[in-house]
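>>> Dropping the sequence and predicted coords here.
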Amino acid sequence: MRIVFSLLMAITCCAAASAQTVNIIPQPVSVKTGKGQFTVSPSTVLVVQDEGDRKAADFLNKYLRQYYGFSLPVKKQATKNAIRFNTRKFIRKPDNDAYSFSSTPAGVSIDGDTYEGTFYGMQTLIQLLPLTKSKSLAIPAVSIQDEPRFGYRGMMLDCSRHFFDLAFVKKYIDYLALHKFNYFHWHLTDDQGWRIEIKKYPELMSKGAWRNGTVIGRYPGTGNDNEHYGGYYTQEQVKEIVQYAADRHITVVPEIEMPGHASAAITAYPDLSCFPETPTKAYYPKECAWAGDSTGKQVVQSWGVYADVFCAGKENTFKFLQDVIDEILPLFPSQYIHVGGDECPKSNWQKCAKCQQRMKENNLKDEHELQSYFIQRMEKYINEKGKTLIGWDEILEGGLAPNAWVMSWRGEKGGIEAAKQHHNVIMTPTDYVYFDYNQTKKEDSVTIGGYINLEKVYGYNPVPKELTAEEGKFIVGAQANLWTEYVTNPGKVEYMVFPRMTALSEVLWTPLEKKNWPAFEKKLKTQYKRYDRWGSDYHKEHFKATAANK
Ligand code: TNX
């Protein structure tokens, strides 16, 4: 017995030696280190008072099972050796998802103001776990008070240019959860493929979801791969993703592009174009190679902006889009529906008798006002359904729809203007958060170009100094976009987002005055080990690259 006891003591001592230093990203508001440590082992109990906190317990158990090979019993009560989840203990600030975290040798308590807060506290716990696989996981004694700086912390994934299967979309959502992000912006339609099942319009799936080939290499490409490429998510799969995200306190914001980036939809239903008889090939850049049938409307095979957009003159266009919205709303509980609105060439509208007629009837002085009419009409429809419209900053041109939220991507100008007009703004400027851009000057994979290194992302402040304190409140948060023209597989997604997404999490969560680049760089070394533990790809060159780029 004695021997067993001393052996047990020895194991506990070893665990003590390996306790992780406090290395939390995003950096919490306040961290106080205590004395000693708590050891998570298979006999530790998760205490959950109600169903709301079960999400936190379930996530932790899944994580422990996956990366450490054991999970913990979930109970309503326990006396010793417990991790307690306890939401709504105290309310600090309404709707701010704050939490307190305390670990002592006796146990761990995570007290969120909301279920989200408790979930974030659980993410903090995960970051205190040692990185080597063991059934005895020592975490240091700490006391943490924490809350997010912004209410909207988003990541976008473009699933149109390249299609990502359900398993990977879930993995991406897990990455968001592990970084305390709360919005997943799902880019579901674009010129190169329609990716969501709409039962009323089956040709969106049979035609709009497929292209006969893709250009090889960087635009305009060196040829065409001639491969039939595509796919879409069924409504059942969409529900599965939405639920998966909700279980991680993440809202999925769907994006259905209009009036531009519409050529996949037009391929399915040519009458949505101003000129149904004009073949897609007539709009296609001459320097890009083409595969397969070139008659009629075809899903495009290269990148960029296409002039074949939704006709703003036909009632049929609005009927179609409203029907699409009708099918989408029951799938997405999100308060926000993104309708794109970016990069809509006006050349077809200028030549189209029906568009010109619409302008005359509505006293619209130019095609920008016609775009504004388009978005405002869709906004009215979306508002009637009790939802809020989000659009890219082009929706400012020709007058902003009354309640719209603006995603400012062409720099911060649009966002500043919208905030001054008292519209909510999500910052996604190309200068800081376009994760399709290179992270080193010497990038050897094919990308869209550009250059945004880690330090640049880290240094981003989403609230521009041009705004007064009052106006600044309209900046609800920020988001990074991963456009996937040159991102063909999950590994490349990971390579493009890591570690920049980790830096962005701190931009969005940590109070400005607590951000600290040298401290972040130090923590990054541990973060790399986490990526390794997750089996994720990531951009490994940061430390070398910064030296090379100086
Ligand atoms: C602009 S950002 C686009 C996308 C491209 C991206 C490439 C925005 C609203 N539109 O269609 O994929 O640039 O960086």
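The structure has been received and is ready for your questions.
>>> For the stretch 351-500 of the chain, give the residue positioned nearest to the ligand.
Nearest residue of the stretch 351-500 of the chain to the ligand: residue 483, at 3.4 Å (C-beta to the nearest ligand atom). Just so you know, the C-beta spots here come from the backbone N, C-alpha and C atoms, and that holds for glycine as well.
>>> er, the stretch 251-400 of the chain I mean
residue 342 (3.5 Å).
>>> so where does that residue fall, helix or strand?
Using DSSP states H and E, residue 342 sits in no helix or strand.
>>> doesn't residue 390 make contact with it?
No. With contacts counted by C-beta atoms under 8 Å, residue 342 stays clear of residue 390, the gap being 11.6 Å.
>>> and these two? which has more neighbours close in?
residue 390 (24 against 16; other C-beta atoms under 10 Å).
>>> which strands and helices sit next to the helix or strand the more buried one falls within?
Residue 390 is part of strand 388-392 when elements are defined by DSSP H and E. Strand 388-392 is packed against strand 336-340, helix 367-384, strand 405-408, with contacts defined by 3 or more C-beta pairs under 8 Å, 6 or more residues apart in numbering; DSSP states H and E.
>>> if we go to 6 Å?
strand 336-340 (3 or more C-beta pairs under 6 Å, 6 or more residues apart in numbering; DSSP states H and E).
>>> Compute the inter-axis angle for the strand it packs on and strand 388-392.
Computed with axes from the mean of the first three to the mean of the last three C-alpha atoms, to 10 degrees, the direction of strand 336-340 lies at 30 degrees from that of strand 388-392.
>>> who's residue 233 bridged to?
Note on residue 233: beta-bridge partners by DSSP bridges are residue 196.
>>> and it, how many neighbours?
24.
>>> So it versus the ligand, what's the distance?
Distance check for residue 233 against the ligand: by C-beta to the nearest ligand atom, to the nearest Å, it reads 19 Å.
>>> Residue of the stretch 1-150 of the chain nearest the ligand, please.
Closest point on the stretch 1-150 of the chain to the ligand, by C-beta to the nearest ligand atom, is residue 150, at 20.3 Å.
>>> excluding its backbone neighbours, what's nearest that residue?
Leaving aside its chain neighbours, residue 150 sits nearest to residue 477 (3.6 Å; criterion: C-beta to C-beta, 6 or more residues apart in numbering).
>>> cool, and residue 143?
residue 32 (4.6 Å).
>>> residues from the protein in reach of the ligand?
342-343, 392, 409, 434, 436, 448, 483, 485 (C-beta under 6 Å from any ligand atom).
>>> what do you get if the cut-off is 5 Å, keeping everything else the same?
Contact residues (C-beta under 5 Å from any ligand atom) of the chain with the ligand: 342, 392, 409, 436, 483.
>>> Just give me how far stretch 73-80 sits from the chain centre.
35 Å (C-alpha atoms, centre = their mean, to the nearest Å).
>>> Quick one: end-to-end distance for that stretch.
Distance across stretch 73-80, first residue to last, is 13 Å (C-alpha to C-alpha, to the nearest Å).
>>> Tell me who's in contact with residue 236.
Contact criterion C-beta atoms under 6 Å, 6 or more residues apart in numbering gives no residues in contact with residue 236.
>>> Can you show me the strands along the stretch 151-300 of the chain?
152-158, 183-187, 189-190, 193-194, 210-211, 229-230, 251-258 (DSSP state E, counting those that start in this stretch).
>>> Adding mean pLDDT, write these out as TSV.
Formatted as TSV, the strands of the stretch 151-300 of the chain follow (pLDDT from 0 to 100):
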stretch	mean pLDDT
strand 152-158	98
strand 183-187	98
strand 189-190	98
strand 193-194	98
strand 210-211	98
strand 229-230	98
strand 251-258	98
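>>> and those as JSON lines, adding mean neighbour count and distance to residue 98?
Below are those laid out as JSON lines (neighbours: other C-beta atoms under 10 Å; distance: least, C-beta to C-beta, whole Å):
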{"stretch": "strand 152-158", "mean neighbour count": "25", "distance to residue 98": "14"}
{"stretch": "strand 183-187", "mean neighbour count": "25", "distance to residue 98": "18"}
{"stretch": "strand 189-190", "mean neighbour count": "28", "distance to residue 98": "37"}
{"stretch": "strand 193-194", "mean neighbour count": "28", "distance to residue 98": "41"}
{"stretch": "strand 210-211", "mean neighbour count": "20", "distance to residue 98": "47"}
{"stretch": "strand 229-230", "mean neighbour count": "20", "distance to residue 98": "44"}
{"stretch": "strand 251-258", "mean neighbour count": "24", "distance to residue 98": "19"}
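>>> Tell me which of those strands sits nearest to residue 418.
Across the strands of the stretch 151-300 of the chain, residue 418 has its closest neighbour in strand 152-158 (14.0 Å, C-beta to C-beta).
>>> Starting from that closest one, tell me which strands it pairs with and how they run.
Partners of strand 152-158 in its sheet, by DSSP bridges: strand 183-187 (parallel), strand 475-482 (parallel).
>>> so how far is the last one from its chain's centroid?
This points to strand 475-482. 8 Å.
>>> quick one, it and strand 251-258 angle?
Using the same axes, to 10 degrees: strand 475-482 against strand 251-258 is 70 degrees.
>>> For the residue nearest the centre of the chain, list the residues it contacts.
For the chain, residue 155 is the residue whose C-alpha lies nearest the centre (C-alpha atoms, centre = their mean; 2.0 Å). If you count contacts by C-beta under 6 Å, 6+ apart, residue 155 has them with 176, 181, 480.
>>> Is residue 349 part of a helix or strand, or is it coil?
helix (DSSP: H, G, I helix; E, B strand; the rest coil).
>>> give me the element the nearest residue to residue 70 once chain neighbours are set aside is part of.
Spatially, and ignoring its direct neighbours in sequence, residue 70 is nearest to residue 42 (4.7 Å; C-beta to C-beta, 6+ apart). Assigned by DSSP H and E, residue 42 belongs to no helix or strand.
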